[in-house]
Structure formats: structure tokens, C-alpha cells
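[1] got a predicted structure plus its sequence, pasted below:
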Amino acid sequence: MGRPLQAVIDASTKEALERSYRDLADAVSVGLGNATAAQFQTMATELRSLGLEAPAEGADRLAECVGTQADPVDGLNAFARLEQMLDAVRVRLATAPDFSGRPAVDVPALPSLQVDEEGLAPLAQASLWSYPTEADPVARYSYLIRVAQRLQRGPIAPAADGLAVWSNLQAGALVVESLARNPRVAVDMVRQAYSARNLVILRNAVRVLAAVSVPYAPLPDEDVRMRLLSKAMRAGQPILAHEGLAVYRTVKGLSAYDPGEPYTGADGTGELGIAPRIKLIKELGGKPKPTDPWFAHSRFFGETELGQLQGPKREVQERLTRIVRFDKEKDQRRRAVMALMFLEDAVATPCLREALRDPALEVRKAALWALGALGDDSILPLCRRHLAVNSDMTDEAATALGALHDSRGFPVLWSAYERNLAQHRTRESLGFLCEASVPVLTKVGLNPSIMSRAGTLRIFDYIWKDGAADAVLSVLEATADPRARSLLLKPLVLPDLEEPAKKIAIGLRDRLLRRIADRSVPLTTRVMHVGHLKRMDPGEAAGLLAPVLRALPEEEAAALGASRRKGWLRKRIRGSDAP
């Protein structure tokens with residue numbers, strides 16, 4: 001690490017950092033291929049003079065990535081990392097910390113930033129799901145420190161609260177780094193991650209594979225790592241297929257990205273790349289249903305736009321980028337943005353970031369959504385700002401966070417949902433986050449009345465599918481207040497329900513019956529479940545309970561509300577010799 005920034009930040013230091021930031025933005029806005037190595041070497045020298053060694057190393061890497069022969073993906077990754085570090089340091093400059101002799105901890109991957117060690121103590125036992133809702137940089141950097149501390153105790157698996165880390169692109173980098181030294185454990189973790197539906201979990205799994213594959217290249221095709229990479233390449237999500245293919249090519253000794261090649265699957269054949277999407281568009285024949293993916297609808301993309309995807313990658317990107325930047329028709333610019341989103345190639349990120357400043361609102365909306373689909377987590381502050389109040393971009397901010405799939409978007413989306421902002425979009429996006437939306441159980445438990453909100457059960461259905469009833473039951477059993485339980489059951493009263501509430505209610509009713517019959521469950525809990533069942537299905541509860549109670553001992557059945565059996569009652573009245 002370079003020398004620390006001086007305690008008192010003078011104006012010249014701020015000016016130097018802002019100049020580096022502007023130079024970086026200018027270089028990338030015109031394309032890395034047009035920038036010169038000298039620009040980034042000068043930037044690196046100045047950053048080192050400020051004691052910012054990590055950002056300086058990023059500038060050094062960018063100096064190696066410019067030029068026509070450079071790998072554009074590597075260059076864009078270097079740019080994104082340097083931009084993130086400069087942003088972090090700008091926060092530091094704005095609010096220089098004063099630890100007054102107290103011990104400080106470096107932020108992982110951002111060594112120019114420090115956090116008060118004593119301030120971390122109350123958070124040490126918090127769940128990894130407790131990512132800060134507000135735009136508080138110190139709290140967010142503290143979260144990274146907590147993840148690093150957990151990793152020191154051993155690997156974090158993509159399960160339970162570990163899903164919070166695996167579905168976080170920033171914290172996921174720490175997981176990748178920790179597993180890079182242990183290929184066997186890493187492969188087991190990747191197998192677990194492949195069962196997830198959240199895109200960021202899958203992308204982090206591919207990055208773990210890269211960390212334990214590239215250093216050991218070449219690998220035979222039968223190696224488990226190569227088989228797992230092949231599986232990623234066949235993913236229906238192009239961004240995952242692109243990233244898996246880049247790692248696979250690198251392990252095979254090829255360049256990770258060849259701009260002279262066409263996009264994989266652009267001819268509509270095979271199972272890789274964009275082929276599955278093109279096949280679906282053609283099969284629907286211009287008549288998609290409302291539930292079909294966005295790209296099948298002509299107002300977004302559709303079959304008429306497929307011709308723009310033909311040719312080498314460089315030509316396709318240049319063609320679409322020219323339209324986004326220079327076409328006079330705003331609808332043409334918007335459709336070119338959607339075409340870039342269809343491809344999900346990170347090379348388009350700088351162009352789409354520029355489009356966020358387009359004079360046409362429709363283009364800015366499309367660009368924000370597209371950046372989410374391309375996995376650009378730099379949109380998080382912008383989305384957070386638009387979801388704090390109702391604005392022209394609020395709907396698209398919710399949609400972009402759903403497309404991003406990052407767990408850092410969950411608290412922002414949930415806060416908007418609770419405040420009735422962009423209800424339809426936030427509901428859908430919370431569902432699209434899949435495993436990253438698991439904290440919805442806790443949120444509903446803390447605010448049971450929200451279960452009656454139109455859309456909450458649909459969120460459960462999106463996230464847990466056939467397990468939605470189990471998720472509702474877990475909230476119900478964790479809730480101690482009878483009034484809160486009553487609120488949770490209010491939207492699940494049979495029989496007059498529509499889907500998915502009806503499906504979830506029937507599933508919950510069946511699970512309650514199984515719990516009532518299970519003698520390993522405490523009797524007090526089973527009595528409570530009988531009350532739930534009667535509230536949910538007052539017309540059928542007695543008939544459904546009868547066979548369950550007959551199979552139980554008489555005292556337990558009586559405690560659960562069964563009437564005394566007639567024969568047993570006569571014996572008690574007349575004595576044991578009664579006929």
C-alpha cells in the first residue's frame with residue numbers, strides 16, 4: 001500500500017484526483033483503442049504521488065490494455081476497477097476520517113480507505129444479509145470487511161446467508177480470491193452455485209472457475225473444471241455464456257475475446273451464445289404473448305432487428321454504437337441500445353454509460369435497463385437515487401436492479417416496494433433477484449401487514465416457486481404475536497382466491513396438516529396450526545382434520561380439538577364393563 005493520504009486534504013490534492021478522474025472518463029468515452037499508454041502512465045505517476053498505490057496499479061494495467069492489439073474486455077475490467085477505486089477515494093476526500101488514535105482497518109480491495117475498527121464490533125455477529133439500505137459508503141465498506149473476516153474462518157458456501165455474498169459482485173470478488181488457492185473446494189462450491197437461479201451467483205461461480213483453471217492451463221476436456229465451463233457456455237443468459245466462453249478460450253490458449261469473430265449463435269443455430277434467443281424470436285413469429293421475454297416484442301427488439309447482429313463483433317458494436325451516439329431519431333437510438341442489451345456484451349458498457357446523458361428520456365431509460373442487463377454495478381448509486389423518490393426514471397431503476405440480480409439491490413427495491421413506488425416493477429424485480437431476495441422472509445415478519453399487499457404473494461411465487469408455501473410457513477412459525485400471524489394469513493383464506501395466492505394457500509394448508517400429524521412437533525405448535533387451518537379454510541377444516549385426529553392418541557386428539565369418541569365416553573360413564 002502507498003503512503004496514507006494526509007489527514008488534512010488540501011485543495012491541490014483534490015484537484016489532482018479530480019483531474020485523474022476526468023482524464024479517465026475522457027479516455028474511455030472515446031474508446032480505449034484511441035487512448036494512449038502515456039495518458040495512463042502519467043495518471044499512475046500522479047496517483048502514486050498522492051499515496052494511492054492501488055489505483056496507480058489500475059492505471060498501469062490500463063496503460064498495457066490500450067491499442068488495437070489489446071484485449072478490450074481486460075481493458076474495460078481495468079477501467080471499471082480504477083473508476084471504482086477513484087470513486088471510493090473521492091468519498092474519502094469529501095469526509096476525511098478522524099480516528100483520533102483509535103485502531104483502523106483497511107477495506108479489502110480498496111486499501112486507500114480505512115474504517116474505524118471499534119465501529120465494526122456491533123456488526124460482527126450480524127447476518128451477511130444485513131447490507132446497508134442507505135447510500136452510506138462507510139457502512140458499505142464495513143460490510144466488505146465483515147465478509148473478509150468471515151472468509152478468514154473458512155470458505156463461504158452459496159447457501160443460507162452465504163447467498164448474500166455470492167449474489168454480490170463486489171463481495172463475490174473476495175470469495176473468488178479466497179477460493180483461488182484451493183481448487184478442490186472451489187469446484188465443490190461451483191457445483192452448489194450452479195443450482196441457483198440468481199445470475200450474479202452464477203457469474204461469481206464462473207469467476208471462481210477462472211481463478212482455479214487459467215493458472216493450470218491447458219486442461220483436458222474431461223477435467224471437471226472444463227465441463228463446468230462448458231455448462232456455463234450453454235446458459236440461456238448471454239452474459240454468462242460470454243464470460244464462460246472467455247475463460248474456456250483462455251484455458252485453451254486462445255484469446256479471451258476475438259473482435260473479428262461473429263457473435264456465437266448469431267446465425268440462430270446451436271445452443272451457445274445468443275442462439276436460444278434468436279430461435280425463440282423466430283418460433284414466436286412476431287406474435288409473442290405478454291409473458292414472453294422482452295426481446296421477443298417488436299417495440300423493444302423483435303425479428304426485424306436480427307440483421308443488425310450479423311458480421312464480426314467489432315463491426316456489430318461499431319454499427320450500433322454509431323447509431324446510439326449520432327442518429328438524429330431518438331427511437332433509432334433507443335432501439336440500438338436495446339440491441340446492445342440483447343447481445344449482453346460488456347464491450348458496450350462505455351457507450352451505454354454515455355447514453356445515460358442522452359437528451360431523450362426514452363434513450364436514458366433504455367440505457368439504464370441495458371447497463372443492468374450487462375452486469376454493470378456502477379448503476380447502483382443512480383438506481384438508489386431514483387428509487388428514493390418518484391421520478392421519471394423510477395420504473396427503469398427498479399427494472400435495472402432486477403436485471404442486475406445483485407443482492408445489493410434488494411434493500412433498495414424492498415424499501416421502494418414498502419413505500420408504494422413503482423409497485424409493478426419492484427415486485428417483478430424482487431422476484432427476478434431469486435436467491436438474493438431471501439431476506440423478504442424477515443422483512444415480511446417484521447411488517448406482517450405487507451402480506452396483504454397486492455403482489456407480495458407473487459413475489460413469493462417468483463422466488464420460491466413450488467417452495468413458496470414452505471417460505472410462508474417459516475414466517476408464520478417465526479412470528480410470535482397472534483395479531484401478526486392473523487395478518488399473515490389474511491390473504492390466504494380459501495376458497496375464493498386467485499393464483500398464485502390459491503396455489504400457495506393450498507400448499508400451506510397441506511403442510512399445516514402434515515405438521516399437525518407429526519408427533520415430533522411440540523403439541524403447543526400443533527394446536528396453533530389447527531387454529532391457522534380453521535382460519536384459512538373454515539368450510540373444509542373439520543373434514544380435513546378428522547382423519548388426522550383419528551390416527552392420534554385420544555388425549556392428543558382432544559387437545560387438538562377433537563370431540564370425545566362415543567364409545568370411549570360410554571365406557572367412562574358406565575364403567576369398563578359397559579357394552
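    Yes, it's here.

[2] identify the residues contacting stretch 535-546?
    With contacts defined as CB atoms under 8 Å, 6 or more residues apart in numbering, stretch 535-546 is touched by 486, 489, 492-495, 505, 508-509, 512-513, 516, 530, 533-534, 560-562. Placement of C-beta: from N, CA and C, glycine included.

[3] among those residues, the buried ones, what's the PyMOL command?
    Applying 16 or more other CB atoms under 10 Å to the contacts of stretch 535-546, the buried members can be selected in PyMOL as follows:
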select buried, resi 489+492+494+505+508+509+512+513+516+530+533+560+562
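
[4] so which of the contacts of stretch 535-546 sit within helices?
    Counting by DSSP state H, the contacts of stretch 535-546 place 486, 489, 505, 508-509, 512-513, 516, 530, 533-534 in helices.

[5] tell me the one among those residues nearest to V247.
    L508 (42.9 Å; CB to CB).

[6] separation between the closest one and K443?
    According to CB to CB, to the nearest Å, L508 stands 19 Å off from K443.

[7] tell me who's in contact with the residue nearest to M451 when sequence neighbours are not counted.
    Computed as CB to CB, 6 or more residues apart in numbering, the closest residue to M451 that is not its neighbour in sequence is L488, at 5.0 Å. With contact taken as CB under 8 Å, 6+ apart, L488 is in contact with 444, 448, 451, 472, 475-476, 479.

[8] by neighbour count, which of those residues wins?
    V472 (26 neighbours; other CB atoms under 10 Å).

[9] ok, it to P439 distance?
    Computed as CB to CB, the V472 to P439 distance reads 15 Å.

[10] got it, and T269?
    42 Å.

[11] so for the two, which sits in the more crowded spot?
    Using other CB under 10 Å as the criterion, T269 and P439 rank with P439 on top: 19 against 10.

[12] show me what contacts the more buried one?
    By CB under 8 Å, 6+ apart, the neighbours of P439 are 129, 164, 410-411, 414.

[13] same check, this time on A388
    A388 touches nothing, counting by CB under 8 Å, 6+ apart.

[14] let me see the domain layout of the protein.
    With domains defined by automatic domain parsing, the chain comprises 1-96, 126-257, 442-579.

[15] one step back: in strands, which of the contacts of P439 appear?
    Counting by DSSP state E, no part of the contacts of P439 is found in strands.

[16] pull the most distant pair out of those.
    Counting by CB to CB, the most remote pair of the contacts of P439 is A164 and W414, 13.7 Å apart.

[17] who's more crowded, those two?
    Per other CB under 10 Å, whichever of A164 and W414 has more neighbours is A164, with 25 against 21.

[18] any idea how far V444 is from that one?
    Where V444 is concerned, A164 sits at a distance of 17 Å (CB to CB).

[19] what's the answer for R485, then?
    In terms of CB to CB, R485 sits 12 Å off from V444.

[20] over to L47?
    46 Å.

[21] check E418 too.
    Distance, E418 to V444, using CB to CB: 10 Å.

[22] common neighbours of those two, please.
    If you check E418 and V444 against CB under 8 Å, 6+ apart, the residues they both contact are I450.

[23] ok, now which ones touch A403?
    Counting by CB under 8 Å, 6+ apart, A403 makes contact with 369, 372-373, 429, 432.

[24] gap between it and A232?
    Counting by CB to CB, the gap from A403 to A232 is 19 Å.

[25] and if you look at K289?
    Distance from K289 to A232, by CB to CB: 29 Å.

[26] more neighbours: these two, which one.
    Shown here are K289 and A232; by other CB under 10 Å, A232 has more neighbours (23 against 8).

[27] spatially nearest residue to the more buried one, not counting backbone neighbours?
    Spatial nearest neighbour of A232, excluding adjacent residues (CB to CB, 6+ apart): G244 at 3.0 Å.

[28] burial count for that neighbour?
    For G244, the count of nearby residues is 25 (other CB under 10 Å).

[29] contacting residues around it?
    Counting by CB under 8 Å, 6+ apart, G244 has contacts 206, 209, 229-233, 235.

[30] I'd say D377 and G172 touch.
    No - D377 is beyond contact range of G172, at 10.3 Å (criterion: CB atoms under 8 Å).

[31] the two: which has the busier surroundings?
    When neighbours are counted by other CB under 10 Å, D377 and G172 differ, and G172 comes out ahead with 24 against 19.

[32] on that earlier part again, adding pLDDT, write the ones in helices among the contacts of stretch 535-546 out as JSON lines.
    Listed next are the ones in helices among the contacts of stretch 535-546 as JSON lines, based on pLDDT from 0 to 100:
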{"residue": "S486", "pLDDT": "92"}
{"residue": "L489", "pLDDT": "94"}
{"residue": "A505", "pLDDT": "95"}
{"residue": "L508", "pLDDT": "95"}
{"residue": "R509", "pLDDT": "95"}
{"residue": "L512", "pLDDT": "95"}
{"residue": "L513", "pLDDT": "95"}
{"residue": "I516", "pLDDT": "94"}
{"residue": "V530", "pLDDT": "93"}
{"residue": "L533", "pLDDT": "94"}
{"residue": "K534", "pLDDT": "93"}
